[in-house]
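J.: would you be able to build a 3D model of this:
(chains A and B)
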Amino acid sequence: ETGVTQSPTHLIKTRGQQVTLRCSSQSGHNTVSWYQQALGQGPQFIFQYYREEENGRGNFPPRFSGLQFPNYSSELNVNALELDDSALYLCATLRGAEPTDTQYFGPGTRLTVL
Amino acid sequence: DAKTTQPNSMESNEEEPVHLPCNHSTISGTDYIHWYRQLPSQGPEYVIHGLTSNVNNRMASLAIAEDRKSSTLILHRATLRDAAVYYCILRPHSGGYQKVTFGIGTKLQVIP
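T.: Have a look, this model is predicted:
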């Protein structure tokens, strides 16, 4: 158990809809990253938030957006869903920005787009 | 961004040691080597990390080549619970995880 929780655990949406995924941070972890993991692939970095500001983004379009709240919990929003958005979405929290700091991953949200 | 190369899959017998290799020939001098593993239906979990020296913790050992172009994760006695996908990644000294690339990892099968 990492202390990081995600909700919902899984959901089904149709193409063109919008979705919001949620992540609770482990206590004291002010940085959160979101990843997309397609079946059989490794996690792909979407973006990172530090103290409510986005401070890093991977190769994902603007319809992927996020928020981080004062308690360091976070949301991932995806607009205009496409079939290829079907994946496991992971959030990971970090206590700090040192290269020795390790990420604590949540169990993920399985999104299916029909 | 520095990349890593790992075998797609490996097998091990239960209670035998397992050596999981990772090549990272483009590693920079300040990149840390981190290993994570992902058990079925779970998010990845941290295993171990190192910079230059070999490292041991309760889960595993990490052997880093002298030129740092490769490393090996060592599980001293594989158990069925160790069946997972193992990821070797390079964490830059600065810039967070946006410069980190997870490959497809090595799927470890442990045979009873």
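J.: centre of chain A to the edge, which residue is at the far end?
T.: A:T100 (21.3 Å; CA atoms, centre = their mean).
J.: so which helix or strand of chain A has the lowest pLDDT on average?
T.: Ranked by mean pLDDT, DSSP states H and E, the helix or strand of chain A with the weakest confidence is strand A:53-57, at a mean of 91.
J.: ok, then the element right after that strand?
T.: Downstream of strand A:53-57, the next assigned helix or strand under DSSP states H and E is strand A:64-68.
J.: I'd like the next helix or strand past that following strand.
T.: Sequence order places strand A:74-78 as the next helix or strand after strand A:64-68, per DSSP H and E.
J.: could you count how many residues lie near the closest residue to A:G42 other than its chain neighbours?
T.: Closest residue in space to A:G42, ignoring its immediate chain neighbours: B:F102 at 3.3 Å, by CB to CB, 6 or more residues apart in numbering or on different chains. Glycine gets a C-beta too; all of them are placed from N, C-alpha and C. Number of residues near B:F102 (other CB atoms under 10 Å in any protein chain shown) recorded here: 21.
J.: show me the contacts for B:F102.
T.: A:Y35, A:G42, A:P43, A:Q44, B:Y36, B:Y87, B:I89 (CB atoms under 8 Å, 6 or more residues apart in numbering or on different chains).
J.: B:K69 against B:I27, yeah?
T.: Yes: contact status for B:K69 versus B:I27: in contact at 6.5 Å, counting by CB atoms under 8 Å.
J.: which of these two has more neighbours?
T.: Taking neighbours as other CB under 10 Å, B:K69 and B:I27 compare with B:I27 leading, 21 against 13.
J.: from the contacts of B:F102, pick the one nearest B:T52.
T.: B:I89 (16.8 Å; CB to CB).
J.: average pLDDT across the host helix or strand of that closest one?
T.: Using DSSP H and E, B:I89 maps to strand B:84-91. Regarding strand B:84-91, the rounded mean pLDDT is 96.
J.: what's the helix or strand following it packed up against?
T.: Using DSSP H and E, the helix or strand that follows strand B:84-91 in sequence is strand B:106-111. Where contact means 3 or more CB pairs under 8 Å, 6 or more residues apart in numbering or on different chains; DSSP states H and E, strand B:106-111 is packed against strand B:9-13, strand B:18-23, strand B:84-91.
J.: what about strand B:106-111, distance to the chain center?
T.: The chain centre lies 13 Å from the centre of strand B:106-111; the measure is CA atoms, centre = their mean, to the nearest Å.
J.: which residues sit against that strand?
T.: Strand B:106-111 is contacted by residues B:6-14, B:18, B:20, B:78-80, B:82-86 when judged by CB under 8 Å, 6+ apart.
J.: any of these buried? List them.
T.: Neighbour counting by 16 or more other CB atoms under 10 Å in any protein chain shown classes B:Q6, B:M10, B:S12, B:V18, B:L20, B:A78, B:D82, B:A83, B:A84, B:V85, B:Y86 among those as buried.
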